[in-house]
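Asker: Kindly return the folded structure for what I paste below:
(chains A and B)
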Amino acid sequence: MAVSGFEGFEKRLELHFFGHHNDPTVTMGLRLIDFDSLNQVLRVVQCAVVSAVGNHFFDAYVLSESSLFVYPTKIIIKTCGTTQLLKSIRPLIHLASDLGLTLCGCRYTRGSFIFPESQPFPYVNFKQEVICIEENLPDTLCFRKASVMPSKLPSYSWHAFSAGDGEHFPADDTFTVEVCMTELDRVMARTFFKTSHDSAAAKGMAELAGIDGINPRAIVCDFEFDPCGYSMNGVDGDRYSTIHVTPEDGFSYASFECVGSVYDDQDGIVETLKKAVQVFKPATVSVSTTSLHREAWTTVVRAMELLGLKCRSFVMDEFPAAGTVVFQTFTAARRK
Amino acid sequence: MGNRSSTAKIVEMHSLAQWNEKLASTKQSNKLLVMDFSATWCGPCKWMEPAIEEYANTYPDVEFIKIDVDTLADVAREYKVEAMPTFVLIKKGKEIARLTGAKKSELRNLIERHRNSN
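Answerer: Reported below is the predicted structural model:
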């Protein structure tokens, strides 16, 4: 294990808003935040846009340190490295307020850092992060919960914070799956090192790794980092998916996040998850599934088992305005 | 020598007639035309703007036009624009390449590849 290297594990922030007078026709909402203002927020967080795409439902930005998704009433920012993600809360609430939108929900999650000592304040421990978030939340978000969900592996926990106003709930049949993979297959990881600077001729990392086959329907917006690293956002209707890869040996990491619906054919989602994890052939997979429906995690288990991975730990908990969060870890069946 | 006081023109198509005329004109030469499908409310398009302006200045032999997907919805539909920005490269009236998304170096690579080809 390296003494210090790039931190792949992301911090993830999700903010939900509602329109004044409960306006159901908030068609553009947060997407109307002018780009320069959004860019200012990203600067404060210490990241920048490297590629982007928007469709009728949302805007997806690939950042120098992960991703940003802007929906009419929801913003999701996921950043890795040593970014200052929580500094975005106050300015985003302010920008939303200028558009007549009020915060009604906030979720913050992350796994366990590979290099916790390299993180700046307040990311030194979860308690400090929660204090920092709460300092920026309005009193109306009075239903709050912070929890560290353990696994049997001491270095793999899931940290989750959620706050809601108790009145506005996403009327949702969807579930979010956050997959964190470590100890990636070494040969596979080499794909994510930039070999040729002439990208006009060379096959892209996405094609070489088979990432574009995970969801053939999705519009892929990606970026290959120099000397190594890869990020992509997939846009499929109103659903996003996102992959981030830190390929260096000793601290290799890849994340895959996607959205599914309990009304979808679950086989499709199983297939997507299986394909995504298969690209990286990791030694350890930890997955957090968030949903208002309690059975969403079973889809994850099915996908992992198809890859010969065995569930080593399982923790389930309820969070305000988020629903049920299930945290599981998987390793190869033959390992202990 | 760059003359910064006059920026290269990225002409916005304001009507179907103007677009049809532009498309017809591409048949008269081997000049590459880059269509930029965007929207006023599109954040990714806004982020991409400086790059397009730079390329319009760097490649004076290439023509750049802007098509607002709301103003010219029919054209957007005809070219099956699903996401923005979408860049469609035209030569002699025909689509020869396209790029979906605000991807700066990929667009430059496409322009480089097609500006002189037949």
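Asker: For the stretch 1-150 of chain A, just list every one of the helices.
Answerer: With DSSP state H, counting those that start in this stretch, the ranges of helices along the stretch 1-150 of chain A come out as A:35-45, A:89-98, A:126-136.
Asker: Tell me which of those helices lies nearest to B:N57.
Answerer: Nearest of those to B:N57, taken as Cβ to Cβ: helix A:35-45 at 21.2 Å. In short, each C-beta sits where N, CA and C put it, glycine included.
Asker: Give the buried residues for the closest one.
Answerer: For helix A:35-45, the neighbour count (16 or more other Cβ atoms under 10 Å in any protein chain shown) marks A:35, A:38-39, A:41-42, A:45 as buried.
Asker: Show the overlap between the residues you listed and what lies near chain B.
Answerer: Among the buried residues of helix A:35-45, the residues that sit close to chain B (Cβ under 8 Å from any Cβ of the partner chain) are A:35, A:38-39.
Asker: Excluding chain neighbours, what is closest to A:L42?
Answerer: A:A48 (6.0 Å; Cβ to Cβ, 6 or more residues apart in numbering or on different chains).
Asker: How about the contacts made by the one you found?
Answerer: Contact partners of A:A48, counting by Cβ atoms under 8 Å, 6 or more residues apart in numbering or on different chains, are A:39, A:42, A:63-64.
Asker: Count the residues that sit near the closest residue to A:R190 other than its chain neighbours.
Answerer: Once flanking residues are discounted, A:R190 sits nearest to A:P247: 7.2 Å by Cβ to Cβ, 6+ apart. The number of residues packed near A:P247 is 25, by other Cβ atoms under 10 Å in any protein chain shown.
Asker: Quick check, pLDDT for A:P247.
Answerer: pLDDT, A:P247: 95.
Asker: Next up, the contacts around it.
Answerer: Here A:P247 is in contact with A:184, A:189-193, A:228-230, A:254 (Cβ under 8 Å, 6+ apart).
Asker: Kindly recompute the last result at 6 Å.
Answerer: Contact analysis of A:P247 by Cβ atoms under 6 Å, 6 or more residues apart in numbering or on different chains lists A:189, A:192, A:228.
Asker: can I get the residues you listed in JSON lines with pLDDT?
Answerer: Below are the contacts of A:P247 laid out as JSON lines (pLDDT from 0 to 100):
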{"residue": "A:A189", "pLDDT": "94"}
{"residue": "A:F192", "pLDDT": "94"}
{"residue": "A:C228", "pLDDT": "93"}
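Asker: Specify which member of these is nearest to A:F17.
Answerer: Closest to A:F17 out of these is A:F192 (35.5 Å), distances taken as Cβ to Cβ.
Asker: ok, and the closest non-adjacent residue to the closest one?
Answerer: Per Cβ to Cβ, 6+ apart, closest to A:F192 is A:P247, 3.9 Å.
Asker: How many residues are close by B:I96?
Answerer: 15.
Asker: Quick check: it touching B:L89?
Answerer: Yes. Counting by Cβ atoms under 6 Å, B:I96 touches B:L89, with 5.3 Å between them.
Asker: ok, so what distance separates A:K78 from A:Q328?
Answerer: From A:K78 over to A:Q328 the distance is 20 Å, taken as Cβ to Cβ, to the nearest Å.
Asker: wait, what's in contact with B:P85?
Answerer: Counting by Cβ under 6 Å, 6+ apart, B:P85 has contacts B:36, B:38, B:45, B:48, B:102.
Asker: and chain A, which of those residues contact it?
Answerer: Taking Cβ under 6 Å from any Cβ of the partner chain, the overlap between the contacts of B:P85 and the neighbourhood of chain A is B:A102.
Asker: Pick out whichever of the contacts of B:P85 sits closest to chain A.
Answerer: Nearest to chain A among those: B:A102, at 4.4 Å, using Cβ to the nearest Cβ.
Asker: Find the nearest non-adjacent residue to the closest one, please.
Answerer: B:M48 (3.8 Å).
Asker: Validate this expectation: that neighbour resides in a helix.
Answerer: Yes. B:M48 forms part of a helix when assessed by DSSP: H, G, I helix; E, B strand; the rest coil.
Asker: before we move on, back to that, any figure for the gap between the residue nearest to A:F192 and chain B?
Answerer: Per Cβ to the nearest Cβ, to the nearest Å, A:P247 is found 20 Å from chain B.
Asker: can you give me phi and psi for the residue positioned nearest the centre of chain B?
Answerer: The residue lying closest to the centre of chain B (Cα atoms, centre = their mean) is B:M35, at 2.5 Å. Per-residue torsions, B:M35: phi -90, psi 130 (degrees, to the nearest 10).
Asker: residues in contact with it?
Answerer: Counting by Cβ under 6 Å, 6+ apart, B:M35 touches B:65, B:67, B:88.
Asker: Would you mind measuring from it to B:L72?
Answerer: Noted for B:M35: a distance of 10 Å to B:L72, by Cβ to Cβ.
Asker: Residue numbers of chain A in contact with chain B?
Answerer: A:28, A:35, A:49, A:51-55, A:59, A:200, A:219, A:221.
Asker: Going by distance to A:S97, which of the ones next to chain B among the buried residues of helix A:35-45 wins?
Answerer: A:L38 (14.9 Å).
Asker: Model confidence for the nearest residue to that closest one once chain neighbours are set aside, exactly?
Answerer: Closest residue in space to A:L38, ignoring its immediate chain neighbours: B:G43 at 6.5 Å, by Cβ to Cβ, 6+ apart. B:G43 is assigned a pLDDT of 95 by the prediction.
Asker: B:G43 against A:D34, yeah?
Answerer: No. Using Cβ under 6 Å as the test, B:G43 is too far from A:D34 to be in contact (8.1 Å).
Asker: pretty sure A:D226 belongs to a helix, no?
Answerer: No. The assignment for A:D226 (three-state DSSP) gives coil, which keeps it out of a helix.
Asker: Quick check, pLDDT for the closest residue to it other than its chain neighbours.
Answerer: Excluding the flanking residues, the one nearest A:D226 by Cβ to Cβ, 6+ apart is A:K194, at 5.0 Å. Predicted confidence (pLDDT) for A:K194: 87.
Asker: since we're on A:K194, how many residues are nearby?
Answerer: 15.
Asker: before we move on, what about A:E167?
Answerer: Applying other Cβ under 10 Å, I find that A:E167 has 11 neighbouring residues.
Asker: go on, B:A17?
Answerer: Around B:A17 there are 9 residues (other Cβ under 10 Å).
Asker: Low-confidence bits of the chain, can you list those?
Answerer: With no chain named, the answer covers chain A. Within chain A, the ranges that satisfy pLDDT under 70 run A:1-3, A:21-25, A:171, A:196-202, A:335-336.
Asker: um, chain B though
Answerer: Looking at chain B by pLDDT under 70, you get B:1-8, B:117-118.
Asker: which bits of it sit near chain A?
Answerer: Residues of chain B lying near chain A (Cβ under 6 Å from any Cβ): B:41-44, B:46-47, B:83-84, B:100-103, B:109, B:113.
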